[in-house]
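1. Structure here, sequence nowhere to be found:
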């Protein structure tokens, strides 16, 4: 709107009291006359994030308001809502705006933000866009918070838990700031409860962020530091519960100082992450810098809105990437360690631990297909070691493992049980008896093993046992096959 006369509020009735040089408690009326409007046109007026009680009339007609305006503190009722009103000028193109304001709760009285006047389509588009953005941000933060909470409960990942807390607090902050969606959805909430939730959701982010960065273990974990952070979070919560609006406003400056100090701590931890060559620290640098810039922009620049929301979203995404990278690395390390634990270092076959795990997971049912455990023990292996040396003996074991592996199918299992003892788990059809399988094993060892062009003949004794559905003890299964292997060894000596 471009009126022919400049904006100029005219003071009406005043009943303000003064605290620290500022108008605070009481009631006041202001008037603003705008001329040069089009009588045939509808106009819109709004103000965002206004906490208190006010009534706004245009040319004597009620247009919009917040709460209940009263000179009596007992009947005065403040609210925090973002509303849009509509009005038209008189036949001369003039609009006299009368604004009645009451305040008996906040440290500073009057309107906190300027009224915005414009065409309805412009005002409503802006209002709808802002509300839509807040709803979307709330939904995203809530979803991320719940997702990380589920992930942390399943994987016992402490960083994911703190990120879930951060995201859920940001979801709360979205609906307690800006257009204050919470006041529209939970209309019975008192103004001071909403204000305290707004302060708490801002102040508590510092200790939560500290716990996120500390949980990454870029520096030596400190039990004392964690206790200090948890204690600080408790003090912040207690202060918010007990403080009145006067002290809440003063605490805003204190919180800015704490954020400033925390910035140096965050930078220190991230530098330590770089020094430790953590793969995910680059993403955390981006997210943390975005969060710090967004925080300072929202605290220092009045015209900047929602910077913290955008920055928080960027931070959560960066931590998400970091957690995924770290989790993938831990999973890969765990799989490598598990493979090392289950693998015989000399032959590359599975070891005794792997055998027991396979037997424990083996599912044997009453079908025609039969499961056998075959125990293989090399004959006179001690003589090979004594004659040719242990290095040659080790090579014999490696080539024996290779031949045994070649003699079975990929689905069968070959392990080095101990020393010169091997065990094969094989599944056979009735048309192929176990005796035929053992004969095939011997055929694979008819030719000698050549080591440095020297032939070494390797032979072995074999014992086998059928694994039936009633077998639940791996030791008993192995013992049966072991006994039959010794029986075979005794026969071969005769």
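-> Received, thanks. Not measured: the values here are computed from a predicted model.
2. so where's this protein uncertain?
-> 1-23, 299, 301-305, 326-339, 364-367, 494 (pLDDT under 70).
3. Of all the strand elements in it, which one is longest?
-> strand 43-58 (DSSP state E).
4. List the neighbouring strands of that one plus their orientation.
-> strand 61-66 (antiparallel), strand 79-87 (antiparallel), strand 95-103 (antiparallel), strand 116-118 (antiparallel) (DSSP bridges).
5. for the ones you listed, which one ends up most surrounded?
-> Neighbour counts (mean count of other Cβ atoms under 10 Å) averaged over each of the strands paired with strand 43-58 peak at strand 95-103, with a mean of 21. Bear in mind the C-beta positions are built from the backbone N, C-alpha and C, glycine included.
6. now the strands for the stretch 301-450 of the chain?
-> 370-378, 413-418, 421-428, 449-451 (DSSP state E, counting those that start in this stretch).
7. And those strands: which comes nearest residue 209?
-> strand 413-418 (49.9 Å; Cβ to Cβ).
8. Just the buried residues of the closest one, please?
-> Of the residues in strand 413-418, 413, 414, 415, 416, 417 count as buried by neighbour count, 16 or more other Cβ atoms under 10 Å.
9. In TSV: the residues you listed, plus distance to residue 200.
-> Below are the buried residues of strand 413-418 laid out as TSV (distance: Cβ to Cβ, whole Å):
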residue	distance to residue 200
413	59
414	63
415	60
416	62
417	63
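10. Show me which of these is closest to residue 447.
-> residue 414 (19.1 Å).
11. correct me, but that closest one touches residue 350?
-> Yes: using Cβ atoms under 8 Å, residue 414 makes contact with residue 350 at a distance of 7.4 Å.
12. Compute the distance between residue 40 and residue 88, please.
-> For residue 40, the distance to residue 88 (Cβ to Cβ, to the nearest Å) stands at 8 Å.
13. What ranges does the stretch 201-350 of the chain have for its helices?
-> 205-215, 223-242, 245-275, 281-300, 307-342 (DSSP state H, counting those that start in this stretch).
14. between those helices, which one is nearest to residue 434?
-> That would be helix 307-342 among those, by Cβ to Cβ, at 26.4 Å.
15. re the thing from before, okay, the helices of the stretch 201-350 of the chain, which one's buried deepest?
-> Ranked by mean neighbours (mean count of other Cβ under 10 Å), the helices of the stretch 201-350 of the chain are led by helix 205-215, with a mean of 22.
16. Can you say which helix or strand has residue 154 in it?
-> Element membership for residue 154, per DSSP states H and E: helix 120-155.
17. Tell me the helices and strands packed up against that helix.
-> Contacting helix 120-155 under the criterion 3 or more Cβ pairs under 8 Å, 6 or more residues apart in numbering; DSSP states H and E are the following elements: strand 43-58, strand 79-87, helix 158-176, helix 181-185, helix 307-342.
18. now do 7 Å
-> strand 43-58, strand 79-87, helix 158-176, helix 307-342 (3 or more Cβ pairs under 7 Å, 6 or more residues apart in numbering; DSSP states H and E).
19. what about it, distance to the chain center?
-> 16 Å (Cα atoms, centre = their mean, to the nearest Å).
20. go on, stretch 343-353?
-> Going by Cα atoms, centre = their mean, where stretch 343-353 is centred and where its chain is centred differ by 38 Å.
21. Show the end-to-end separation of it, please.
-> 8 Å (Cα to Cα, to the nearest Å).
22. quick one: contacts of that stretch?
-> 341, 342, 394, 397, 398, 401, 413, 414, 415, 416, 417, 418 (Cβ atoms under 7 Å, 6 or more residues apart in numbering).
23. Give me the buried stretch members for it, please.
-> Those would be 343, 344, 347, 349, 350, 351, 352, for stretch 343-353 by 16+ other Cβ under 10 Å.
24. Residue 376 pairs with what?
-> residue 422, residue 462.
25. Can you give me the distance of it to residue 187?
-> On the measure of Cβ to Cβ, residue 376 and residue 187 end up 80 Å apart.
26. for residue 268, same thing?
-> 46 Å.
27. swap in residue 321?
-> Distance from residue 321 to residue 187, by Cβ to Cβ: 40 Å.
28. Kindly report the same for residue 172.
-> Distance from residue 172 to residue 187, counting by Cβ to Cβ: 17 Å.
29. Residue 54 now?
-> 18 Å.
30. just to revisit the earlier point, tell me the angle of the longest strand of the chain relative to helix 245-275?
-> 150 degrees (axes from the mean of the first three to the mean of the last three Cα atoms, to 10 degrees).
31. In the contacts of stretch 343-353, find the pair that's most separated.
-> 394 and 413 (22.3 Å).
32. hmm, back to that, can you lay out the helices and strands packed on helix 120-155 as CSV showing distance to residue 116?
-> Shown next, in CSV, are these (distance: least, Cβ to Cβ, whole Å):
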stretch, distance to residue 116
strand 43-58, 5
strand 79-87, 9
helix 158-176, 21
helix 307-342, 20
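33. Out of the ones you listed, which is closest to residue 98?
-> strand 43-58 (4.6 Å).
34. closest to residue 486 out of the strands paired with strand 43-58?
-> strand 79-87 (86.8 Å).
35. quick one: contacts of that closest one?
-> By Cβ under 7 Å, 6+ apart, the surrounding residues in contact with strand 79-87 are 42-46, 48-51, 53, 56, 58, 63-64, 66-67, 95, 120, 123-124, 127, 179-180, 183-184, 191, 194.
36. what angle separates that strand from helix 158-176?
-> 40 degrees.
37. Compute the inter-axis angle for strand 79-87 and helix 120-155.
-> 150 degrees.
38. still on that earlier bit, wait, which of the helices of the stretch 201-350 of the chain is closest to residue 450?
-> Nearest of the helices of the stretch 201-350 of the chain (Cβ to Cβ): helix 307-342, 30.3 Å.
39. what's the neighbour count on the nearest residue to residue 67 once chain neighbours are set aside?
-> Closest residue to residue 67 apart from its sequence neighbours, by Cβ to Cβ, 6 or more residues apart in numbering: residue 53 at 3.4 Å. Look at residue 53: counted by other Cβ atoms under 10 Å, it has 23 neighbours.
40. got a list of what residue 53 touches?
-> The contact partners of residue 53, by Cβ under 7 Å, 6+ apart, come to 66, 67, 68, 69, 76, 77, 78, 79, 102.
41. List the residues that contact the first one.
-> When contacts are counted by Cβ under 7 Å, 6+ apart, residue 66 touches 50, 52, 53, 54, 79, 81, 83.
42. picking up where we left off before, using TSV, please lay out the strands paired with strand 43-58 together with distance to residue 154.
-> Shown next, in TSV, are those (distance: least, Cβ to Cβ, whole Å):
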stretch	distance to residue 154
strand 61-66	45
strand 79-87	39
strand 95-103	50
strand 116-118	48
